[in-house]
Structure formats: structure tokens, C-alpha cells
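Colleague: Predicted model follows, preceded by the sequence.
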Amino acid sequence: MKRFLSYLIIILIFFIIGLLTANFLLMPIFVRKGEEVIVPNVCNLPLDSATIILKKAGLQSVVTERRYDQIIEQGRIIIQEPLPDTKVKKGRIINLSVSLGPEKIVIPTLSGLEFTKAKQIIDRLGLSISDIDTIFSDSIGEGKIIQTIPEPETEVKKGDAIKIILSKGILLKAPNLIGLKVDSAKVLIKNANLVIGSITEVEGTGDKGTIIVQNPQPDQLVNKGDTINLMVVK
């Protein structure tokens, strides 16, 4: 049994010596003797073309990454490793990163949001604001988003700019005060965020104090705080 163990130990020692010799002495010699080639530049080429060029140069290739890129078109090489013009052993594997093209962003619905909140969403999506227009709205309050250009659900590229239409306030129309008494008209004017102006008594038909003329006229567009002047029956 002792003799067997001795033989086994001797065999293991020779095996380890042989392994170390092959790994640290023989392999470097063989590797140094391998033919060297210059890595061709395949950046911005379609993957198929890049693979063919590398193969003709005696190299192998593998796609190690696919990612979005704002410049390189989809399916083309973004970067290679080792870099172009590097000297490598023939048969070396070249790692390739392939572009998925620009990242697409779907414009969300921002109508009705405060501008600050909408801008936070736009920033978070990687978009920007190119221009802001302000107009009156018939339903959306001042300082809120009325519309985006392009419209919601439109696909754009990450980094693109969109236009914002912002509300200057809700569009006001002068209430119809004809035939009302002044006290009733005052309530309507106040509720419409308008201001009552002059009240002039004139000759006319109807009960005394009844409004027969107003300026601006009923349904005429007005701004918040505008004045409405009245003529009533004397």
C-alpha cells in the first residue's frame, strides 16, 4: 500500500510539473509565434459587413452588447474592442457593440397639468421644450398645459424638443344682462370676474331700473377684470 501511494505521489508531481511547464513555458512560446494582424475599423458599419471584414482579416467577432445610440443607426457597430489598428494575434475575438438606434419616447398626455409638473415629466423622459405659446382657453385655467406639439401618443426620439401651448386663462364672455335689474346684474358680473362700470338712466320702455343696453354686449369676448357699463330705464 505504501509503495502504491509513493507511485501515486510521483505521478502527481510529474503531472503538476508538466502542467506548469505547458502553461508557463510552452504556451507563451506558441502564442508569441502566432501571426499578428491589424484590427480593421468596423465602427459604424452594418453588423453583417463588420463580421465579413473581420473574418477576412483572420479574426472572429462576437456581439457583446446592444444598446440605444442617438447617432449610430440601428444595426450598425457603435464600438469595437480591441480598437481599430490594434495589433492582435490571428484568430482573436473582437467584441462588438451594436446600435439599437435612437431610443423612442411616446409623448404623454400633459393637457390640464400645471407647467411645472409637466416640465418635470418632460425632463424625466429625456425630452426638452423648444417653444412656449400662450393662448386663452375655454376650459383650462391659467398656467396649465392646453396642448403639446407633437400630440400625445406620438413617438419621438429621446432628446427631441416639443412645443407647449400654455393657457393664459379661461376665455370669458360677457353675460347677458338685458332685461335684468341692476342688483341681479351685479351678482352675475361679479361671478364672471368682471367689474360693473357706469350705470346710466335713459328713457325707455319697461320697468324703472331694467337694463336695456350693456357694453360689452352679451357673449362678447372679455378679459378677466374688464368693466361692463349699463343703461337702465329711467
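Modeller: Noted; the coordinates are in hand. Note that this is a predicted model, so its numbers are computed, not measured.

Colleague: State the pLDDT value of Gly58.
Modeller: Reported pLDDT at Gly58 in the predicted model: 96.

Colleague: I meant Asp85, not that one.
Modeller: 96.

Colleague: repeat for Leu12
Modeller: The model reports Leu12 with a pLDDT of 64.

Colleague: Kindly report the same for the one 4 residues further on.
Modeller: You'll see Ile16 listed with a pLDDT of 66.

Colleague: Name the residues of stretch 106-117 that come out as buried.
Modeller: In terms of neighbour count (16 or more other Cβ atoms under 10 Å), stretch 106-117 has its buried residues at 107, 110-111, 113, 115. The C-beta positions use only the backbone N, C-alpha and C, and glycine is treated the same way.

Colleague: element containing Asp123?
Modeller: helix 115-124 (DSSP states H and E).

Colleague: re the thing from before, in TSV, list the buried residues of stretch 106-117 along with secondary structure.
Modeller: Shown next, in TSV, are these (DSSP: H, G, I helix; E, B strand; the rest coil):
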residue	secondary structure
Ile107	coil
Leu110	coil
Ser111	coil
Leu113	coil
Phe115	helix
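
Colleague: hmm, back to that, what's in contact with the helix holding Asp123?
Modeller: By Cβ atoms under 8 Å, 6 or more residues apart in numbering, the residues outside helix 115-124 that reach it are 108, 110, 113, 128-129, 143-145, 162, 164, 166.

Colleague: In that helix, which residues are buried?
Modeller: Under the neighbour-count criterion of 16+ other Cβ under 10 Å, helix 115-124 has 115, 118-119, 122 buried.

Colleague: Kindly report the same for stretch 148-159.
Modeller: Along stretch 148-159, these residues count as buried under the neighbour rule (16+ other Cβ under 10 Å): 148, 156.

Colleague: what's the first-to-last distance across it?
Modeller: With Cα to Cα, to the nearest Å as the measure, the first residue of stretch 148-159 is 16 Å from its last.

Colleague: and it, average pLDDT?
Modeller: When pLDDT is averaged along stretch 148-159, the result is 94.

Colleague: quick revisit: max pairwise distance over the buried residues of stretch 106-117: which two?
Modeller: In terms of Cβ to Cβ, the buried residues of stretch 106-117 reach their longest pairwise distance at Ile107 and Phe115, which sit 15.9 Å apart.

Colleague: Which SSE is immediately downstream of the helix holding Asp123?
Modeller: Defined by DSSP H and E, the subsequent element after helix 115-124 is strand 128-137.

Colleague: Report the angle between that next one and helix 115-124.
Modeller: Per axes from the mean of the first three to the mean of the last three Cα atoms, to 10 degrees, the angle that strand 128-137 makes with helix 115-124 is 150 degrees.

Colleague: Parallel or antiparallel, which strands does whichever helix or strand comes after strand 128-137 pair with?
Modeller: The first helix or strand that comes after strand 128-137 along the chain, using DSSP H and E, is strand 145-149. In its sheet, strand 145-149 lies beside strand 161-170 (antiparallel), with partners assigned from DSSP bridges.

Colleague: Show the contacting residues for the closest residue to Lys87 other than its chain neighbours.
Modeller: Nearest in space to Lys87, with sequence neighbours left out and distances taken as Cβ to Cβ, 6 or more residues apart in numbering, is Glu36 at 5.0 Å. Neighbouring residues of Glu36 by Cβ under 8 Å, 6+ apart: 87-90.

Colleague: Mind putting those into TSV with secondary structure?
Modeller: Formatted as TSV, these follow (three-state DSSP):
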residue	secondary structure
Lys87	strand
Val88	strand
Lys89	strand
Lys90	coil
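
Colleague: on that earlier part again, what's the closest of the buried residues of helix 115-124 to Thr200?
Modeller: When these are compared for distance to Thr200 (Cβ to Cβ), Phe115 wins out at 42.9 Å.
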